[in-house]
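[1] What shape does this take:
(chains A and B)
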There are 2 protein chains.
Amino acid sequence: MINVIGIGQNRENMTLGAIKAIEDSDVIIGYKKYINQIEDLIEGKEILKKGMGDEIARAEVAIQKSMEGQTVSLVSSGDPGVFGMANVLYQIISKYDDVEVKVYPGVSALNYTSSKLGAPLNDFAAISLSNILTPLSEIEKKLRFALEANLIVAIYNPISKTRKEPFRRFKKCVLDIKGEDALIGIVDSTYEPAKESIVKVKDLTEDLVNMSCTLIVGNDLTYIQDSKLITPRGYVIRSPIHELSRNHYEKFLNGEISHGPNRECEYYPCHWDGQYCDFCYCPFYPCGDSSTGGEWIKGKNVWNCKDCHWPHQKDAVNCIRGPLEEILEEVDDLKKKKKTLLKLRRACLLNNNPRDL
Amino acid sequence: MINVIGIGQNRENMTLGAIKAIEDSDVIIGYKKYINQIEDLIEGKEILKKGMGDEIARAEVAIQKSMEGQTVSLVSSGDPGVFGMANVLYQIISKYDDVEVKVYPGVSALNYTSSKLGAPLNDFAAISLSNILTPLSEIEKKLRFALEANLIVAIYNPISKTRKEPFRRFKKCVLDIKGEDALIGIVDSTYEPAKESIVKVKDLTEDLVNMSCTLIVGNDLTYIQDSKLITPRGYVIRSPIHELSRNHYEKFLNGEISHGPNRECEYYPCHWDGQYCDFCYCPFYPCGDSSTGGEWIKGKNVWNCKDCHWPHQKDAVNCIRGPLEEILEEVDDLKKKKKTLLKLRRACLLNNNPRDL
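    Below is the predicted model of the structure:
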């Protein structure tokens, strides 16, 4: 019997299943650093510490010991299914008859990294920059597609002393596709507890990253809030419709709100000359999404849009107006159809089809 | 203090940190089903079971209880950072001063699903098909890019009784981009232990999937081996160079192997008329990668290429030959440069640039 075990990044993130499987094993096989992490759990067992790079040898030994009737734990950090020992073992196990295998998943580096940074994940990709087994052309293709798709991207094996080219390509991909202000969270598990930091990609230098780091690249909605990296999912926040907003959308529904700048308004331009006034009051209020500049006024339960000018921009208004006219049949739909409205907002923000919600 | 806690899919996959945090909490808040999963751990505590859909309300209650001085556990299944409660909480927490939060990552459904299926992951994407908060156009874009990039794709929230359109789009994307034989692993956690199955996308019907399923779509290398879903990473398997292979590559290095079919050979055509004979012996042997048809002969430690015809196909030979001539300087490079050769194989298999390894 071979247990392929993910031990997480530290003891706190180890599962009950992993502990039990290790207790029940006769032989423990793994890379030195990971064995040291569980030293107190394996006293009296046969221990085979191996160096980095001889994964196939580790898997072969595990199979041999298992065929001798021993219960074996083959240990990976994080989750053995995510750039760990599971694939390696399966690559050779079909040589043999009747070797029983159970994979114990663990808390992978991306989940751990995410928890340290705040809540950066959403739809995401995990890509290893190691080009030891994977061509650079393949790594770059995956990065480009994932970033173009607006997936969050978790980066494993970002750099090593001898392997810097993939990191340079990675940085260039992010700069090309996301621009210099794209946010990158870095969690460095050289330390225990790991140290986290957040930088813009233009400030991402090689000395900030080492082989014990996992990186998370934000998407077009990711923002920093109180030193945490957050990607909003767009939950509905209930709030009454403001009386002035109600009046505006009554007129909107009656066809009395013109398209574009309203130079006749006594407050025009309340933001900038050329601003579009179709949505004098935001139809998505309160979105609760700081990615466009809004924020909560602390202690007041009031969402403040002062720094969000997006609904007054020409492109945004052109994207929103048609579909909004179809969605809104009465003013109360600003509340009743809030989920649909927030999806319309999101589609226009991310340049997706606003009529396919 | 608010602990945002991932409890995994079942007790075996719960972390030590999650258990300790729950023990240390006064108040436990979560969706009913997840609270039931930890009922034995929360006796005597204040329990707030909530229904699905009112995530913001759950987060607000957690904040209120925390501000009253209580230690709160806000419970998610899997990992709260992956389509769980972490984003929700951060969406509203900046309303308040000084609410302390710690996120406890857990074994996410994709890691659990992967462990049940075998070793299907590698570079991958995780995409939710729920269009409650995300427009369909965005979901479809992410799916298409991830599949085009040849990422493995884990699918969360595949379908519900009232939400079937995203699943139909998903199936169409896989059919369009991967073809009807693309492999899909399904893990259904309606059951405990969860039930796994593997189907081709052409056989993926709505009745096979429900809201408790997580799906994993294989990439162009994923194959089935002894009922498990495997995606090879391409580790080097050490083996001697066969004498006949050595002779062939001596000639190759001397420029004595012609390009294309070798009709003068007494064995031609050993596979099919029109076969390319440049690599009469495979330069990548043994690749240990069943995705092109090779397999181990059980009990013999011999890699059998009988069903792999790829190195005799015109396109493959055209992709491989030029770069191979540059990599191979002597026959022993078939061993010494094995990693580079396996990357060349992979680049040609996946239609990436074979000169950018």
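
[2] What's opposite A:Ile155 in the beta bridge?
    On the basis of DSSP bridges, A:Ile155 is bridged to A:Ile127, A:Leu215.

[3] Quick one: residues contacting it.
    Going by CB atoms under 8 Å, 6 or more residues apart in numbering or on different chains, A:Ile155 touches A:127-129, A:170, A:214-217. Backbone N, C-alpha and C define where each C-beta goes, glycine included.

[4] distance of it from chain B?
    10 Å (CB to the nearest CB, to the nearest Å).

[5] pLDDT weak spots in chain A?
    Along chain A, segments meeting pLDDT under 70 span A:52-53.

[6] tell me the domain ranges of it?
    A:2-107, A:110-230, A:243-349 (automatic domain parsing).

[7] For B:Lys343, find the nearest of those.
    Between B:Lys343 and those, the shortest gap by CB to CB is with domain A:110-230, which sits at 4.6 Å.

[8] Give me the distance between the closest one and the centre of its chain.
    10 Å (CA atoms, centre = their mean, to the nearest Å).

[9] Endpoint to endpoint, it covers what distance?
    15 Å (CA to CA, to the nearest Å).

[10] dump the residue contacts of A:Glu140.
    Counted by CB under 8 Å, 6+ apart, A:Glu140 has contacts A:169, A:173, B:356.

[11] Buried subset of the residues you listed as a ChimeraX selection?
    The ChimeraX selection below is limited to those of those classed as buried (16 or more other CB atoms under 10 Å in any protein chain shown):
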select /A:169,173 /B:356
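
[12] and the domains of chain A as JSON lines, adding distance to B:Gly69?
    Output for the domains of chain A, formatted as JSON lines (distance: least, CB to CB, whole Å):
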{"stretch": "domain A:2-107", "distance to B:Gly69": "24"}
{"stretch": "domain A:110-230", "distance to B:Gly69": "21"}
{"stretch": "domain A:243-349", "distance to B:Gly69": "17"}
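
[13] Looking at those, which is nearest to B:Ile186?
    Between those, domain A:2-107 lies closest to B:Ile186; by CB to CB that is 16.3 Å.

[14] So what would you say the end-to-end distance of the closest one is?
    End-to-end for domain A:2-107, by CA to CA: 20 Å.

[15] Please see if that domain touches chain B.
    Yes - counting by CB under 8 Å from any CB of the partner chain, chain B is contacted by domain A:2-107 at A:6, A:8, A:11-17, A:19-20, A:55-56, A:79-83, A:86-92, A:94-97, A:103-107.

[16] Name the residues of the stretch 151-300 of chain A found near chain B, please.
    Residues of the stretch 151-300 of chain A lying near chain B by CB under 8 Å from any CB: A:151, A:225-226, A:228, A:230-238, A:288-290, A:295-300.

[17] mind listing which of those are in strands?
    Among these, the members found in strands (DSSP state E) are A:225, A:228, A:230, A:295-297.

[18] So which of the residues you listed is the closest to A:Phe145?
    Of all those, A:Ile230 has the smallest distance to A:Phe145: 24.3 Å, by CB to CB.

[19] And what about the nearest residue to that closest one once chain neighbours are set aside, helix, strand or coil?
    Nearest non-adjacent residue to A:Ile230, counting by CB to CB, 6 or more residues apart in numbering or on different chains: B:Tyr90, 4.8 Å away. Three-state call for B:Tyr90 (DSSP: H, G, I helix; E, B strand; the rest coil): helix.

[20] I'd say B:Tyr90 and A:Thr231 touch.
    No - if you go by CB atoms under 8 Å, B:Tyr90 and A:Thr231 don't touch, sitting 9.1 Å apart.

[21] Common neighbours of these two, please.
    With CB under 8 Å, 6+ apart, B:Tyr90 and A:Thr231 have common neighbours A:Ala119.

[22] give the contact list for A:Ala316.
    Contacts for A:Ala316 (CB under 8 Å, 6+ apart) come out as A:276, A:310, A:348-349.

[23] Let me have the residues you listed in JSON lines, extended by neighbour count.
    Formatted as JSON lines, those follow (neighbours: other CB atoms under 10 Å in any protein chain shown):
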{"residue": "A:Tyr276", "neighbour count": "21"}
{"residue": "A:Trp310", "neighbour count": "21"}
{"residue": "A:Cys348", "neighbour count": "25"}
{"residue": "A:Leu349", "neighbour count": "20"}
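
[24] hang on, the earlier thing: name only those of the residues of domain A:2-107 next to chain B that count as buried.
    Listed as buried from these are A:6, A:8, A:11-17, A:19, A:55-56, A:79-83, A:86-92, A:94-95, A:103-107; burial here means 16+ other CB under 10 Å.

[25] How much space separates A:Lys141 from B:Gln91?
    34 Å (CB to CB, to the nearest Å).

[26] same check, this time on A:Leu89
    41 Å.

[27] Repeat that for A:Ala109.
    Taking CB to CB, one finds A:Ala109 at 25 Å from B:Gln91.

[28] any idea how far chain B is from the residue nearest to the spatial centre of chain A?
    Against the mean C-alpha coordinate of chain A, by CA atoms, centre = their mean, the closest residue is A:Leu121 at 2.7 Å. In this view, A:Leu121 and chain B are 5 Å apart by CB to the nearest CB.

[29] Alright, that wraps it up for me.
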